[in-house]
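A.B. asks: Sequence first, then the predicted structure:
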Amino acid sequence: MNPPHAQGPYRRGVRFLWRKWPVVLRLALWSVLETGQTFLTGYALARALDDGFLAGHEAVGLWWLGGAGLGVVVAAYGTSRVYRAVADLVEPLRDSLVRQVVGRGLHDADSAAVSRLTQQVEIARDTFAGLIMVSRSFVFTAVGALVGLFSLDPLLLLVVAPPLLAGIALFVATLRPLARRQEEFLVADEELAARLGVVCPGLRDVTAAGAEDDVAADLGRGVAREYRTAAALARWGVLRTASLAIGGQLPLILLLTTAPWLLDNGVTPGALVGALAYVTQALLPALHNLVHGLGASGSRLAIVLRRLMWEGPGSGGGAEAGRAGQGPALELSSVTFAYGPHAEPVLRNLGLSVARGEHLAVVGPSGIGKSTLAGIVAGLLVPDAGEVRVEGAGVRGEGAVGRRVLIPQEAYVFTGTLRENLEYLRAEPVPESELTGAAEAVGLAPLVARLGGLDTELVPGELSAGERQLIALTRAYVAYAPLAILDEATCHLDPVAESRAERAFAARPGGTLVVIAHRISSARRADRVLVMDGVHALCGRHDELMERSPLYRDLNGAGDWGGGRGGDRGGVASDPALALRDPYGVDPVPRPGLPGDRGHVVAHRSVGEMETVGDLGDRSASRGE
Ligand SMILES: Nc1ncnc2c1ncn2[C@@H]1O[C@H](COP(=O)(O)OP(=O)(O)OP(=O)(O)O)[C@@H](O)[C@H]1O
């Protein structure tokens with residue numbers, strides 16, 4: 001699920017440091033001065049003991065200790081210069097980020113995005129500075145301590161270096177996986193927050209539509225996903241703690257347990273105390289800072305930089321808007337979705353690309369996953385893997401609502417005037433001419449006239465299912481979302497009315513239309529058809545598919561596969577695998593083993609040897625004609 005640019009921040013970071021090599025060199029030189037103090041921590045102590053206090057020469061001991069004290073003063077001066085050098089590295093980074101961010105914000109005329117972004121730039125700057133300090137301090141402290149150990153006695157280095165290096169290696173090995181887990185956790189957390197943000201204010205609508213169970217199940221999946229990502233993060237966190245124990249605490253234990261052997265082999269008591277000082281005063285704190293500092297901050301910096309430089313302001317938020325307007329209208333890459341952790345995936349590795357202004361019909365046997373696909377494209381369901389982009393941006397979060405509109409089979413009409421029902425998806429009042437134009441285009445005008453105008457109070461129970469669908473369709477038309485998804489949204493209309501409504505959506509300038517087809521005539525009207533059969537998803541033009549897809553030919557033979565509610569030919573599927581739903585949408589045969597299963601029949605048909613434009617296995621149904 002990693003985007004192709006996932007490693008961008010690391011490489012860009014290295015390139016940035018490379019370009020700034022004079023500052024990096026200056027930083028290194030001042031760090032060497034600072035490191036002198038680390039060296040003296042153990043060395044001066046050892047000399048003070050061995051040559052001074054233990055040898056009865058107190059003055060010599062004091063002289064060495066005084067030298068170590070002076071080292072602290074010199075190192076403090078080095079540290080002050082280090083800070084200047086770090087500033088010389090960090091400020092240009094901030095300037096460059098701000099330039100990019102403000103430039104894009106002005107281009108997109110999104111001042112809120114700029115203010116959000118400048119906040120993130122500050123985070124990036126502070127984190128970057130912290131990272132430089134921590135990693136630099138570790139490198140120079142470790143070098144100072146190891147050189148000190150070697151000067152005291154190479155045997156001491158032999159005891160301390162192996163566990164230290166093993167700890168560092170383990171820490172480095174956890175860096176990438178941990179950063180990835182951290183990002184997955186953040187994404188799951190943000191998605192759950194976004195879902196709650198949508199659901200909580202709409203609880204009344206959820207209850208009115210009787211969707212409590214579905215919404216609870218959907219939120220439950222979000223919670224489960226966040227739990228899974230948090231558990232994975234915690235598992236990798238354990239390894240990180242282990243690296244600290246191996247690299248920082250094990251050397252101390254080894255020094256203490258091998259002390260008799262070391263003393264027998266010529267290591268002086270002073271050198272042993274000096275080695276203990278190196279481990280406890282220098283190596284252990286430096287490694288501790290590295291593991292905790294680089295661990296958390298490194299991941300945070302990578303995420304913030306990625307969002308700033310590639311995604312824009314906040315994933316799923318304004319950043320997405322930053323990219324909106326580019327690329328295809330709809331793009332699915334390797335999307336996999338199951339209705340539960342142990343359920344068979346309904347979609348597996350599905351790829352699909354729909355161009356702007358294109359009209360796509362989705363067909364397939366009942367229960368094969370068409371509505372699931374619609375839910376994923378609309379952002380109501382979150383794929384377990386893969387990515388969905390509408391108008392170049394994510395389908396969830398801020399701004400996503402305005403980019404797509406889903407019209408489900410069960411039309412929702414609320415008590416209120418017809419006008420209120422039609423304006424519902426628009427933030428502002430809609431001019432009368434626009435409403436009547438939309439009603440005319442979709443085919444609602446006769447009903448408006450019959451009801452007595454737009455300001456008539458509706459009593460939803462008195463409307464037929466078809467009338468409710470016309471109202472819902474016109475409401476979606478008025479919403480002017482670039483992508484419209486009709487999920488059997490015309491199933492209660494007769495074929496002529498259905499055709500009129502679909503053509504109206506397809507004719508919207510620049511508007512993209514995805515129709516989960518209820519009748520085969522929908523597929524014939526579309527530019528391309530996606531045929532889903534549980535094994536493969538083929539995508540192509542009607543005539544192409546008639547030639548290549550036996551299932552599509554069967555579906556064409558079947559005419560109306562939605563339950564015989566007035567299909568083109570009103571026929572029955574020629575193959576029992578194309579099981580029909582009953583007129584009330586309840587399938588006759590339950591599918592065992594699926595939690596919350598609504599009892600659909602699943603049809604699995606092979607597409608044989610034919611060349612696929614795309615499939616549900618591992619190939620992509622991108623526009624390939
Ligand atoms: N909320 C749910 N919980 C568990 N399983 C579900 C849920 N919704 C759908 N399914 C299952 O997922 C599979 C795909 O269902 P989906 O409704 O997407 O199919 P479909 O092709 O749209 O069918 P239809 O044409 O009958 O509407 C079916 O096996 C169905 O039983």
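C.D. replies: Arrived safely.

A.B. asks: tell me which parts of the stretch 301-450 of the chain are close to the ligand?
C.D. replies: With C-beta under 6 Å from any ligand atom as the criterion, the stretch 301-450 of the chain meets the ligand at residues 339, 346, 364, 366-372. Just so you know, the C-beta spots here come from the backbone N, C-alpha and C atoms, and that holds for glycine as well.

A.B. asks: My guess is L276 contacts L252. True?
C.D. replies: Yes - using C-beta atoms under 8 Å, L276 is in contact with L252, at 7.2 Å.

A.B. asks: how many other residues sit next to P365?
C.D. replies: Using other C-beta atoms under 10 Å, P365 is surrounded by 28 other residues.

A.B. asks: Which strand or helix spans it?
C.D. replies: Per DSSP states H and E, P365 falls between elements, in no helix or strand.

A.B. asks: Backbone dihedrals for it, please?
C.D. replies: According to degrees, to the nearest 10, the main-chain angles of P365 amount to phi -60, psi 160.

A.B. asks: you'd agree it is up against D554?
C.D. replies: No - P365 lies out of contact with D554 (C-beta under 8 Å); the separation is 9.1 Å.

A.B. asks: What pLDDT is listed against the closest residue to E212 other than its chain neighbours?
C.D. replies: In space, E212 comes closest to V206 once its chain neighbours are excluded; the distance is 6.1 Å by C-beta to C-beta, 6 or more residues apart in numbering. Reported pLDDT at V206 in the predicted model: 79.

A.B. asks: quick one: contacts for V206?
C.D. replies: Counting by C-beta atoms under 8 Å, 6 or more residues apart in numbering, V206 touches 199, 212, 215.

A.B. asks: What is the burial count for the residue nearest to E58 when sequence neighbours are not counted?
C.D. replies: Using C-beta to C-beta, 6+ apart and skipping the chain neighbours, the partner closest in space to E58 is G52 (6.4 Å). The number of residues packed near G52 is 20, by other C-beta under 10 Å.

A.B. asks: Phi, psi for A378 please.
C.D. replies: For A378, the backbone dihedrals (degrees, to the nearest 10) come out as phi -80, psi -10.

A.B. asks: Mind pulling the model confidence for it?
C.D. replies: At A378, the model reports a pLDDT of 88.

A.B. asks: Grab the nearest non-local neighbour of it.
C.D. replies: That would be L406: by C-beta to C-beta, 6+ apart, it lies 3.8 Å from A378.

A.B. asks: that older thread, same list, the residues of the stretch 301-450 of the chain next to the ligand, but as a markdown table with pLDDT and neighbour count please.
C.D. replies: Output for these, formatted as a markdown table (pLDDT from 0 to 100; neighbours: other C-beta atoms under 10 Å):
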| residue | pLDDT | neighbour count |
| --- | --- | --- |
| Y339 | 88 | 18 |
| V346 | 90 | 25 |
| G364 | 89 | 25 |
| S366 | 87 | 21 |
| G367 | 87 | 22 |
| I368 | 90 | 29 |
| G369 | 90 | 25 |
| K370 | 91 | 20 |
| S371 | 92 | 21 |
| T372 | 92 | 20 |
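
A.B. asks: Can you add secondary structure and give those residues back as a markdown table?
C.D. replies: Listed next are these as a markdown table, based on DSSP: H, G, I helix; E, B strand; the rest coil:
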| residue | secondary structure |
| --- | --- |
| Y339 | coil |
| V346 | coil |
| G364 | coil |
| S366 | coil |
| G367 | coil |
| I368 | coil |
| G369 | coil |
| K370 | helix |
| S371 | helix |
| T372 | helix |
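
A.B. asks: And the longest helix out of those in the chain, how far out from the chain middle?
C.D. replies: For the chain, the longest helix by residue count, based on DSSP state H, is helix 58-107. In this view, helix 58-107 has its centroid 35 Å away from the chain centroid, taken as C-alpha atoms, centre = their mean, to the nearest Å.

A.B. asks: before we move on, what about stretch 124-131?
C.D. replies: Taking mean C-alpha positions (C-alpha atoms, centre = their mean), stretch 124-131 and its chain are 23 Å apart.

A.B. asks: Just the CA atoms of it, as CSV, please.
C.D. replies: Extracted as CSV, the C-alpha positions of stretch 124-131 are listed here (Å, rounded to 0.1, in the frame of the first residue of the first chain):
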residue,chain,number,x,y,z
ALA,A,124,9.6,19.5,10.1
ARG,A,125,12.2,22.1,11.0
ASP,A,126,12.2,21.3,14.7
THR,A,127,12.2,17.6,14.1
PHE,A,128,15.0,17.8,11.5
ALA,A,129,17.1,19.9,14.0
GLY,A,130,16.5,17.3,16.7
LEU,A,131,17.4,14.5,14.4
